[in-house]
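K.L.:
My questions concern the predicted model and sequence given below.
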Amino acid sequence: MRLTARNDTARWRPMARSDLRAAIALADRIHPGLPEEEAVFTDRLHLCPAGCLVLADPAGIVCGYTLAHPWTEGLPPKLNTLLGTLPTPADRFFIHDVVVAPEMRGQGLAAPGVELLLEQAASYPSAGLVSVYGTGPFWARFGFVDASDTLSAGALADYGSDARFMIRPTKT
């Protein structure tokens with residue numbers, strides 16, 4: 001896996017423990033209706049450091065982050081829930097969150113972070129995520145399709161009323 005993706009404005013790099021406060025502050029700003037405790041970020045970073053990236057501007061300010069980890073087919077993890085351990089074997093790479101600060105959007109910064117995650121997902125049969133805030137068209141550009149109908153009613157309730165479960169095969 002490449003460790004960075006760049007443009008002239010910012011670059012993706014591995015998340016460090018020292019980045020957690022900035023990532024959480026950004027999450028609180030972007031997801032006020034979908035709050036997650038600091039322990040969730042710490043849990044994901046501990047379990048799958050390769051899935052936790054930050055987007056840092058030239059001054060080193062965190063202006064984006066990702067959280068992702070191996071998972072299993074079926075239900076996505078509930079929001080604000082500690083995993084504790086990763087499933088063995090895992091058959092899906094779950095993209096928990098990809099965030100770019102609003103003031104940094106429109107510069108093509110999210111795509112390189114997603115591509116870094118999809119490189120990791122390539123070793124699993126599929127990648128999955130829960131799209132919120134109407135971001136389905138963004139994820140469709142990366143080959144994700146809506147698979148919400150495969151879940152039981154209410155399975156995505158804690159993600160909000162517009163949540164859609166999306167998957168992408170990684171192996172053909």
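P.N.:
The structure has been received and is ready for your questions.

K.L.:
what ranges of the protein fall below the confidence cut-off?
P.N.:
Within the chain, the stretches with pLDDT under 70 are 1-8, 172.

K.L.:
Now do the same for the most centrally placed residue in the chain: helix, strand or coil?
P.N.:
Most central in the chain under CA atoms, centre = their mean is residue 97, positioned 2.6 Å from the mean C-alpha point. Here residue 97 takes the strand state, with states given by DSSP: H, G, I helix; E, B strand; the rest coil.

K.L.:
list the contacts for it?
P.N.:
By CB atoms under 8 Å, 6 or more residues apart in numbering, residue 97 lies in contact with 27, 31, 65, 66, 67, 68. C-betas here are computed from N, CA, C, even on glycine.

K.L.:
Tell me which stretches of the chain form helices.
P.N.:
20-30, 38-47, 110-121, 136-140 (DSSP state H).

K.L.:
Please report the number of neighbouring residues for residue 134.
P.N.:
Counted with other CB atoms under 10 Å, the neighbours of residue 134 add up to 9.

K.L.:
Hmm, I typed the wrong one, I wanted residue 29.
P.N.:
11.

K.L.:
now swap in the one 10 residues further on and tell me
P.N.:
When neighbours are defined as other CB under 10 Å, residue 39 has 11 of them.

K.L.:
That one is in contact with residue 83, isn't it?
P.N.:
No: when contacts are counted by CB atoms under 8 Å, residue 39 is not listed as touching residue 83 (10.7 Å).

K.L.:
In contact with the residue of the chain most remote from its centre, which residues?
P.N.:
No residue in the chain sits farther from the centre than residue 59, which is 23.6 Å out by CA atoms, centre = their mean. Going by CB under 8 Å, 6+ apart, residue 59 touches no other residue.

K.L.:
Can you tell me how far it is from residue 101?
P.N.:
Separation of residue 59 from residue 101 (CB to CB, to the nearest Å) stands at 13 Å.

K.L.:
Can you tell me the closest non-neighbouring residue to residue 66?
P.N.:
The shortest distance from residue 66 to any non-neighbouring residue, by CB to CB, 6 or more residues apart in numbering, is to residue 53 (4.5 Å).

K.L.:
for that neighbour, what are its contacts?
P.N.:
12, 13, 14, 15, 65, 66, 113, 116, 117.

K.L.:
isn't the fifth one right next to residue 54, touching?
P.N.:
Which is residue 65. Yes: counting by CB under 8 Å, residue 65 does reach residue 54; the two are 5.0 Å apart.
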